[in-house]
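**Student:** how would this look folded up:
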Amino acid sequence: MHFVKKVPTSEEEKAAKRKEHEKRAQQFLRVRDRIVAKRDKGEYDEEILSLTQQILEKNADIYTFWNIRRTAIEQRIEANRNYLLELDVLDEEKAKSAQKVENLLAGELFLSYECIKSNPKSYSAWYQRAWVLQRQANPDYVKELALCEKALQMDCRNFHCWDHRRTVSRMAKRTEEQELEFSNRLIEENFSNYSAWHYRSIALTKIHCDEKSVKLDDSILAAELQTC
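**Tutor:** Residues are numbered from 1 along each chain as shown. Modelled structure (predicted):
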């Protein structure tokens, strides 16, 4: 009948999905080959950043492309450093040059955040964040720790996030007592949070250790038993 929408059969649906999958696969291969070709030529330019971003937004676990991005960013940081050393530029020009690098690093944090949203257990994306923070002039550790806490609320067993939390805590020079209090809050929210208990045990060990051994006196042990 006219004007009646044809409902695709299951076989037609499968064929359409297969065709779409093949199309995406071909697109991926073209972009991948372009990235590899540019890398082999040493062309770590804006295009290679754009191409790697296209793929990583869809699959954040391809660590080779993160490596390429780090190389491209390092080259820009080094070029900026050399520019400031070689030229007698004004303070205003120095500030603009430094801001370009900070904007680039901020964009990298945004990309890794988007990747983590779609894949919270992407080791490569979490690693990229730590790498960027180590190169920022003034990393926002408060914001980064809040991100970790949000991710752990979604999945308290996300060990990639726990590892990142440890890294950021060291960078932010947080004390073990502060991290012990952090574990307290998580355990109060969910006493079945095994990872928080483990994190707590490490903090306690570091707080009460000397050069030779760990010493937990009876009062500390009693308090821990009471918590349990």
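**Student:** rest of the way, CA atoms for contacts and neighbours
**Tutor:** Will do.
**Student:** What is the subsequent helix or strand relative to the lowest-mean-pLDDT helix or strand in the chain?
**Tutor:** Across the helices and strands of the chain, mean confidence by mean pLDDT, DSSP states H and E is lowest for helix 10-41: a mean of 87. Counting by DSSP states H and E, the next helix or strand C-terminal to helix 10-41 is helix 46-56.
**Student:** Could you pull up the residues touching the spatially most central residue of the chain?
**Tutor:** The centre of the chain sits closest to W126, judged by Cα atoms, centre = their mean, with a distance of 2.4 Å. By Cα atoms under 8 Å, 6 or more residues apart in numbering, the residues touching W126 are S112, I116, H160, C161, H164.
**Student:** One more pass at 7 Å, please.
**Tutor:** Shown in contact with W126 (Cα atoms under 7 Å, 6 or more residues apart in numbering): H160, H164.
**Student:** now swap in E224 and tell me
**Tutor:** Contacts of E224 (Cα under 7 Å, 6+ apart): none.
**Student:** in terms of contact, does N158 touch K121 like I think?
**Tutor:** Yes: using Cα atoms under 7 Å, N158 makes contact with K121 at a distance of 6.5 Å.
**Student:** out of these two, which sits in the more crowded spot?
**Tutor:** Remark: of N158 and K121, K121 carries more neighbours, 20 against 17, as counted by other Cα atoms under 10 Å.
**Student:** mind checking how far that one is from N59?
**Tutor:** Relative to N59, K121 is positioned 12 Å away (Cα to Cα, to the nearest Å).
**Student:** likewise L105?
**Tutor:** L105 is 20 Å from N59, by Cα to Cα.
**Student:** And the two? Which one has more around it.
**Tutor:** Between L105 and N59, counted using other Cα under 10 Å, the more crowded position is L105 (21 against 14).
**Student:** got the contact list for that one?
**Tutor:** So L105 contacts V132, Q136 (Cα under 7 Å, 6+ apart).
**Student:** Under the pLDDT cut-off, which ranges of this protein? List them.
**Tutor:** Across the chain, the ranges flagged by pLDDT under 70 are 1-9, 86-91, 211.
**Student:** Please repeat the previous calculation with a cut-off of 80.
**Tutor:** Along the chain, the parts satisfying pLDDT under 80 run over 1-9, 11-21, 23, 82-95, 97, 210-214.
**Student:** For it, which segments count as helices?
**Tutor:** Residue ranges of the helices in the chain, as given by DSSP state H, are 10-41, 46-56, 63-86, 91-118, 123-133, 141-154, 159-171, 176-189, 194-207, 218-227.
**Student:** hey, which of those is tucked in deepest?
**Tutor:** helix 123-133 (a mean of 20; mean count of other Cα atoms under 10 Å).
**Student:** could you check the angle helix 46-56 makes with that helix?
**Tutor:** 140 degrees (axes from the mean of the first three to the mean of the last three Cα atoms, to 10 degrees).
**Student:** CA atoms only for helix 123-133, dumped as CSV, please.
**Tutor:** The C-alpha coordinates for helix 123-133 follow below in CSV (Å, rounded to 0.1, in the frame of the first residue of the first chain):
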residue,chain,number,x,y,z
TYR,A,123,44.1,3.2,32.0
SER,A,124,45.5,5.3,29.1
ALA,A,125,43.1,8.2,29.7
TRP,A,126,43.8,8.3,33.4
TYR,A,127,47.5,8.2,32.8
GLN,A,128,47.2,11.1,30.3
ARG,A,129,45.6,13.2,33.1
ALA,A,130,48.5,12.7,35.5
TRP,A,131,51.0,13.4,32.7
VAL,A,132,49.2,16.7,31.9
LEU,A,133,49.0,17.7,35.6
